[in-house]
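In: heads up, no residue letters with this:
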């Protein structure tokens with residue numbers, strides 16, 4: 001099994017990174033009550049999720065940004081633009097050949113792209129999961145990237161979803177500067193999730209919870225810590241990273257399909273401790289769960305401007 005190469009940056013580079021984190025904190029609003037920033041307690045300390053980069057990459061072609069560019073001026077475009085389109089979020093890979101382009105732009109700004117590798121996507125099924133993963137890995141290369149591997153059902157007649165995710169993890173985990181997380185949001189229990197992650201060995205660096213969900217930080221943290229405790233008992237390791245999708249968890253809700261009253265969550269809370277939950281947008285607010293709730297005429301996986309505005313405008 002491949003062992004990841006270590007980043008051998010010297011003290012000067014570390015100091016530059018600390019300064020970059022301070023600047024990033026100021027730019028993102030520091031102690032903003034909405035928490036769109038690195039946790040203030042972590043400034044000056046290395047943030048494991050960021051590697052040697054200064055922050056996460058904002059995709060200028062994300063679905064919210066694409067809509068804002070073509071939308072008429074008004075409160076909807078202003079709100080979606082400032083509250084959603086301008087913030088870093090995971091890019092769901094639909095065409096592996098676009099990965100290299102996104103990586104190149106991120107490298108130019110010393111930022112890290114976040115990729116959602118959804119093995120249920122038709123493109124992955126049509127191409128073949130292994131070939132698709134190989135293409136994504138080639139696009140990332142030696143650059144820094146955070147990759148979340150998701151497979152809710154799988155479309156292989158011969159392999160389980162666990163086998164599919166582990167094969168992708170082996171390919172992507174061999175990249176020297178890529179952080180790989182397994183999405184265990186749909187695991188049947190904390191024990192099942194821990195066994196799944198443990199079976200990947202050193203190919204994965206951690207796991208994600210609440211992907212495409214609405215659970216608040218307290219609930220997500222309890223779920224993640226339960227998995228972590230079982231993982232430590234199974235593997236003896238205490239270095240797993242834990243990330244929760246906070247794209248739409250900013251308000252209590254009832255239901256999980258575009259529920260009424262949902263709100264955007266904290267965009268990023270990044271902590272230096274590996275045993276603390278990190279918060280990132282792994283789902284872009286405005287991406288619909290399907291024709292339900294506040295977006296009854298929408299389609300699953302598509303960006304709905306009215307839904308995005310509803311999520312962004314609520315106090």
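Out: Okay, I see it. Computed from a predicted structure; not experimentally measured. Numbers count the residues shown, from 1 in each chain.
In: from now on I want contacts and neighbour counts done on CA atoms only, so please keep to that.
Out: Fine.
In: packing partners of the host helix or strand of residue 307?
Out: For residue 307, the element it lies in under DSSP states H and E is helix 305-313. Applying 3 or more CA pairs under 8 Å, 6 or more residues apart in numbering; DSSP states H and E, we find helix 305-313 packed against helix 63-70, helix 75-80.
In: pLDDT of that helix, averaged?
Out: Throughout helix 305-313, pLDDT has a mean value of 96.
In: and stretch 128-147, by the same measure?
Out: pLDDT averaged over stretch 128-147 gives 95.
In: can you list contacts of that stretch?
Out: 49, 51-53, 96-101, 103, 107, 112-117, 119, 124, 164, 167-168, 171-172, 175-181 (CA atoms under 8 Å, 6 or more residues apart in numbering).
In: quick one: buried ones out of those?
Out: 49, 51-53, 96, 99-100, 103, 107, 112-117, 119, 124, 164, 167-168, 171-172, 175-181 (16 or more other CA atoms under 10 Å).
In: in helices, which of those residues fall?
Out: Those of those mapping onto helices are 99-100, 103, 107, 124, 164, 167-168, 171-172, per DSSP state H.
In: can you find the helix or strand in the protein with the smallest mean pLDDT?
Out: helix 11-28 (a mean of 40; mean pLDDT, DSSP states H and E).
In: about what we covered before: and the helix holding residue 307, what's buried?
Out: 305, 307-312.
In: ok, now stretch 50-66?
Out: 50-59, 62-65.
In: where does the stretch 101-250 of the chain have low pLDDT?
Out: Filtered on pLDDT under 70, the stretch 101-250 of the chain yields no residues whatsoever.
In: let's go with 80 and repeat that
Out: Along the stretch 101-250 of the chain, segments meeting pLDDT under 80 span 152-154, 157.
In: picking up where we left off before, now, which of the buried residues of stretch 50-66 lie within strands?
Out: In strands, judged by DSSP state E, none of the buried residues of stretch 50-66 are found.
In: what sits up against the helix holding residue 307?
Out: By CA under 8 Å, 6+ apart, helix 305-313 touches 64, 67, 76, 79-80, 83-84, 248, 261-264, 285-288, 294-295.
In: centre of the chain versus that helix, how much separation?
Out: How far helix 305-313 lies from its chain's middle: 20 Å, per CA atoms, centre = their mean, to the nearest Å.
In: and the angle from it to helix 63-70?
Out: 110 degrees (axes from the mean of the first three to the mean of the last three CA atoms, to 10 degrees).
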